[in-house]
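A.B. asks: here is my input, please return the structure:
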Amino acid sequence: MALLLTTVVACGPIYRNHGYVPMEHDLEQVQIGASRDTVAKAVGRPSATALLTDREWYYVQSRFKSFGLYNREIGREVVAISFDGQDHVTNVERFGMDKGRIVPLSRRVTESGVEGSTFLRQLFGSVGRIRTDQVIDN
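C.D. replies: As a prediction, the model looks like this:
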(Lines give C-alpha, C1' and ligand atoms only; values in the text may rest on other atoms or scores of the structure.)
Protein backbone atom coordinates (compact mmCIF):
# COMPACT_ATOMS: atom_id res chain seq x y z
CA MET A 1 0.00 0.00 0.00
CA ALA A 2 2.83 2.44 0.85
CA LEU A 3 4.55 1.70 -2.47
CA LEU A 4 1.33 2.37 -4.38
CA LEU A 5 0.73 5.63 -2.50
CA THR A 6 4.34 6.77 -3.13
CA THR A 7 4.02 5.98 -6.84
CA VAL A 8 0.77 7.92 -7.19
CA VAL A 9 2.14 10.96 -5.34
CA ALA A 10 5.40 10.89 -7.33
CA CYS A 11 3.48 10.92 -10.60
CA GLY A 12 1.50 14.05 -9.77
CA PRO A 13 1.82 17.06 -12.05
CA ILE A 14 4.36 19.78 -11.28
CA TYR A 15 3.53 23.38 -12.15
CA ARG A 16 6.21 26.05 -12.71
CA ASN A 17 6.02 29.74 -13.43
CA HIS A 18 8.65 31.44 -15.56
CA GLY A 19 8.98 35.20 -15.91
CA TYR A 20 7.37 38.09 -14.08
CA VAL A 21 4.10 39.96 -14.41
CA PRO A 22 3.27 42.71 -11.90
CA MET A 23 0.31 42.11 -9.61
CA GLU A 24 -2.80 44.22 -10.17
CA HIS A 25 -2.33 46.18 -6.94
CA ASP A 26 1.23 47.10 -8.08
CA LEU A 27 -0.07 48.22 -11.49
CA GLU A 28 -2.58 50.51 -9.77
CA GLN A 29 0.41 52.65 -8.75
CA VAL A 30 1.19 53.23 -12.45
CA GLN A 31 -1.03 56.11 -13.50
CA ILE A 32 -1.53 57.41 -17.04
CA GLY A 33 0.99 60.24 -17.47
CA ALA A 34 3.51 58.82 -14.97
CA SER A 35 7.19 58.88 -15.92
CA ARG A 36 9.23 55.87 -17.00
CA ASP A 37 11.26 56.11 -13.76
CA THR A 38 8.07 55.98 -11.68
CA VAL A 39 7.03 52.80 -13.50
CA ALA A 40 10.44 51.22 -12.91
CA LYS A 41 10.19 51.99 -9.17
CA ALA A 42 6.60 50.74 -8.88
CA VAL A 43 6.77 47.47 -10.83
CA GLY A 44 10.42 46.97 -11.84
CA ARG A 45 12.14 46.81 -15.21
CA PRO A 46 10.49 44.74 -17.97
CA SER A 47 11.61 41.42 -19.40
CA ALA A 48 11.24 42.82 -22.95
CA THR A 49 10.92 46.17 -24.72
CA ALA A 50 9.93 47.29 -28.19
CA LEU A 51 13.02 46.85 -30.32
CA LEU A 52 12.94 49.94 -32.49
CA THR A 53 11.28 52.68 -30.44
CA ASP A 54 11.58 51.53 -26.79
CA ARG A 55 8.08 52.96 -26.28
CA GLU A 56 6.58 49.73 -24.95
CA TRP A 57 7.60 47.64 -21.96
CA TYR A 58 6.43 44.02 -21.83
CA TYR A 59 6.26 41.88 -18.70
CA VAL A 60 5.81 38.21 -19.60
CA GLN A 61 4.96 35.20 -17.42
CA SER A 62 4.44 31.62 -18.60
CA ARG A 63 3.04 28.66 -16.68
CA PHE A 64 4.31 25.15 -17.40
CA LYS A 65 2.89 21.76 -16.46
CA SER A 66 5.18 18.75 -16.14
CA PHE A 67 3.75 15.27 -15.74
CA GLY A 68 6.33 12.50 -16.08
CA LEU A 69 7.94 13.02 -19.49
CA TYR A 70 5.15 15.34 -20.58
CA ASN A 71 6.17 19.04 -20.41
CA ARG A 72 3.90 21.73 -21.78
CA GLU A 73 3.33 25.44 -21.50
CA ILE A 74 -0.28 25.84 -20.39
CA GLY A 75 -0.62 29.61 -20.10
CA ARG A 76 0.95 32.96 -20.72
CA GLU A 77 0.16 36.44 -19.45
CA VAL A 78 1.58 39.73 -20.73
CA VAL A 79 1.43 43.22 -19.27
CA ALA A 80 2.18 45.97 -21.80
CA ILE A 81 2.97 49.52 -20.72
CA SER A 82 3.25 52.11 -23.50
CA PHE A 83 5.03 55.46 -23.35
CA ASP A 84 4.82 58.60 -25.46
CA GLY A 85 7.79 60.53 -26.86
CA GLN A 86 8.37 62.27 -23.51
CA ASP A 87 8.55 58.94 -21.60
CA HIS A 88 5.12 59.28 -19.98
CA VAL A 89 2.69 56.36 -19.66
CA THR A 90 -0.09 56.32 -22.25
CA ASN A 91 -1.43 52.74 -21.93
CA VAL A 92 -1.40 49.95 -19.34
CA GLU A 93 -2.84 46.67 -20.62
CA ARG A 94 -2.92 43.05 -19.40
CA PHE A 95 -3.39 40.22 -21.91
CA GLY A 96 -4.02 36.51 -21.49
CA MET A 97 -5.15 33.54 -23.57
CA ASP A 98 -8.65 32.11 -23.96
CA LYS A 99 -9.22 29.21 -26.35
CA GLY A 100 -6.08 30.09 -28.30
CA ARG A 101 -6.98 33.77 -28.74
CA ILE A 102 -5.32 36.84 -27.22
CA VAL A 103 -7.78 38.60 -24.92
CA PRO A 104 -7.34 41.82 -22.96
CA LEU A 105 -7.80 41.12 -19.24
CA SER A 106 -7.58 44.73 -18.07
CA ARG A 107 -6.93 48.01 -19.81
CA ARG A 108 -6.26 51.66 -18.94
CA VAL A 109 -5.92 53.20 -22.36
CA THR A 110 -5.70 56.77 -23.55
CA GLU A 111 -5.01 55.80 -27.17
CA SER A 112 -6.09 52.95 -29.43
CA GLY A 113 -3.95 50.34 -27.71
CA VAL A 114 -0.50 48.82 -27.79
CA GLU A 115 1.33 49.75 -30.97
CA GLY A 116 3.51 46.64 -30.92
CA SER A 117 0.58 44.24 -31.16
CA THR A 118 2.47 42.02 -33.60
CA PHE A 119 5.00 41.43 -30.81
CA LEU A 120 2.13 40.24 -28.59
CA ARG A 121 0.96 37.86 -31.30
CA GLN A 122 4.47 36.42 -31.50
CA LEU A 123 4.64 36.02 -27.72
CA PHE A 124 1.31 34.22 -27.52
CA GLY A 125 1.78 32.31 -30.77
CA SER A 126 4.30 29.99 -29.21
CA VAL A 127 2.11 28.85 -26.28
CA GLY A 128 2.15 25.08 -26.24
CA ARG A 129 4.95 24.79 -28.80
CA ILE A 130 7.81 25.45 -26.38
CA ARG A 131 9.12 22.56 -24.33
CA THR A 132 10.12 23.21 -20.74
CA ASP A 133 13.71 22.13 -21.33
CA GLN A 134 14.03 24.86 -23.99
CA VAL A 135 13.26 27.57 -21.43
CA ILE A 136 14.24 26.28 -17.99
CA ASP A 137 17.64 24.86 -17.15
CA ASN A 138 17.38 21.86 -14.86
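A.B. asks: distance of the closest residue to A50 other than its chain neighbours relative to V43?
C.D. replies: What sits nearest to A50 in space, not counting adjacent residues and going by CB to CB, 6 or more residues apart in numbering, is E56, at 4.1 Å. C-betas here are computed from N, CA, C, even on glycine. E56 sits 14 Å away from V43, going by CB to CB, to the nearest Å.
A.B. asks: which residues in this protein form helices?
C.D. replies: Remark: helices assigned in the chain by DSSP state H are 2-10, 24-27, 36-43, 117-125, 132-135.
A.B. asks: worst average pLDDT in the ones you listed?
C.D. replies: Ranked by mean pLDDT, those bottom out at helix 132-135, which scores a mean of 47.
A.B. asks: from what I see, S62 and Y15 are in contact.
C.D. replies: No: assessed by CB atoms under 8 Å, S62 is found out of contact with Y15, at 11.1 Å.
A.B. asks: so those two - more neighbours on which side?
C.D. replies: Using other CB atoms under 10 Å as the criterion, S62 and Y15 rank with S62 on top: 22 against 11.
A.B. asks: look up how far I14 lies from the closest residue to R72 other than its chain neighbours.
C.D. replies: Of all residues not flanking R72 in the chain, K65 sits nearest, at 5.6 Å (CB to CB, 6+ apart). From K65 across to I14, the span is 7 Å (CB to CB).
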